[in-house]
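Asks: all I have is the shape, not the residue letters:
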């Protein structure tokens, strides 16, 4: 049996190892979570307790040579569609729509950031859906920047030059 | 034994939401108070400046100003896409809340909806510049 300190600072438990495994899967506990094993006197990080650290990495990875860095990585979040992937794609569409105004900022920048974060989150948690949405968001946001830069260059070279020739 | 389960704290999300609400509020007030058609401090469309044509987003600031002042018809003339999209966005928020309340995957949006909205944006950008539509 184990007791843990949640992200809200409250103490939970005692719970069985199987329950704790479930919480790790659901992202409620991770390698940094403070854990007090039954019989132990000292709170430890979950990642420091071998039998619990093993729960963090999937079984296929337990044979990898470097268990240290794995246990430091933030634990995967919930399953389902990644919110940032959806946000990234919506921002991508908006950044194409508004690529013509003030260089498409902030839509394209926000779209790239959201999509990139979503991609890395999905990479560390393959259960999450929305990878192709995040990629679409990234491509659309970059397209938005490209359109904005192309228009900006077109404008500053062509139009302004034209006005100068007319005025002087 | 505590029965409730630990909740993950999301300070970054709360901060982002507050920035969004605050920024949206200030933006809405500016748009309500100052007509983009009359005040020069609003961003101007590169595409319109360079080509004289209207991009899909052209007129959305002026349309927002008209909407905030209750002039639906004027808003529609400035940018019908925006006027159509806003209530749809509202519906999406309601859908999100309903799915969330039922414990479903609220962030799951059918891919077709997103892709068709992109197509609509592009098609609208083309058609609004055709001489037929006036």
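Replies: Structure's in. What do you need? Here the structure is a predicted model, which means the values were calculated and not measured. Residues are numbered from 1 along each chain as shown, chains lettered A, B, ... in the order given.
Asks: next, count neighbours for the residue nearest to residue B:53 when sequence neighbours are not counted.
Replies: The shortest distance from residue B:53 to any non-neighbouring residue, by C-beta to C-beta, 6 or more residues apart in numbering or on different chains, is to residue B:129 (4.7 Å). Every residue, glycine included, has its C-beta placed from N, CA and C. Counted with other C-beta atoms under 10 Å in any protein chain shown, the neighbours of residue B:129 add up to 15.
Asks: can you check residue A:24 too?
Replies: Neighbours around residue A:24, by other C-beta under 10 Å: 19.
Asks: mind checking pLDDT for it?
Replies: Looking at residue A:24, its pLDDT is 83.
Asks: got it, and residue A:53?
Replies: As predicted, residue A:53 sits at a pLDDT of 79.
Asks: quick one, domains of chain A?
Replies: Domain segmentation of chain A under automatic domain parsing yields A:2-58, A:80-167.
Asks: between those domains, which gets nearest to chain B?
Replies: domain A:2-58 (2.5 Å; C-beta to the nearest C-beta).
Asks: and chain B, is the closest one touching that?
Replies: Yes. Under the criterion of C-beta under 8 Å from any C-beta of the partner chain, domain A:2-58 makes contact with chain B via A:4, A:6-8, A:10-14, A:23, A:27-29.
Asks: please, where are all the helices along chain A?
Replies: Under the criterion DSSP state H, chain A contains helices at A:17-25, A:50-56, A:67-72, A:83-97, A:107-124, A:131-154, A:160-167.
Asks: one step back: out of the residues of domain A:2-58 next to chain B, which sit inside strands?
Replies: A:4, A:11-14 (DSSP state E).
Asks: least confident secondary structure element in chain B?
Replies: helix B:46-51 (a mean of 78; mean pLDDT, DSSP states H and E).
Asks: so what's the gap between the helix or strand just after that helix and the chain middle?
Replies: Using DSSP states H and E, the helix or strand that directly follows helix B:46-51 along the chain is helix B:60-68. Distance of helix B:60-68 from its chain centroid, counting by C-alpha atoms, centre = their mean, to the nearest Å, is 11 Å.
Asks: for helix B:60-68, name the packing helices and strands.
Replies: For helix B:60-68, the packing partners by 3 or more C-beta pairs under 8 Å, 6 or more residues apart in numbering or on different chains; DSSP states H and E come out as helix B:11-33, helix B:72-78, helix B:80-101.
Asks: what does that helix contact?
Replies: Here helix B:60-68 makes contact (C-beta atoms under 8 Å, 6 or more residues apart in numbering or on different chains) with A:98, B:28, B:31-32, B:34-37, B:42-43, B:72, B:74-76, B:78-79, B:81-83, B:86.
Asks: filter these down to the buried ones, PyMOL style.
Replies: The PyMOL selection below is limited to those of the contacts of helix B:60-68 classed as buried (16 or more other C-beta atoms under 10 Å in any protein chain shown):
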select buried, (chain A and resi 98) or (chain B and resi 31+36+42+75+78+79+81+82+83)
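Asks: picking up where we left off before, closest one to chain A among the helices and strands packed on helix B:60-68?
Replies: Closest approach to chain A among the helices and strands packed on helix B:60-68 (C-beta to the nearest C-beta): helix B:80-101, 8.2 Å.
Asks: got the contact list for the closest one?
Replies: By C-beta under 8 Å, 6+ apart, the residues outside helix B:80-101 that reach it are B:56-57, B:59-60, B:63-64, B:67, B:72, B:75-76, B:105-109, B:120-121, B:124.
Asks: and the helix or strand just after it, does that touch chain A?
Replies: Downstream of helix B:80-101, the first helix or strand assigned by DSSP H and E is helix B:111-127. Yes. Helix B:111-127 reaches chain A (C-beta under 8 Å from any C-beta) through B:111, B:114, B:117-118, B:121-122, B:125.
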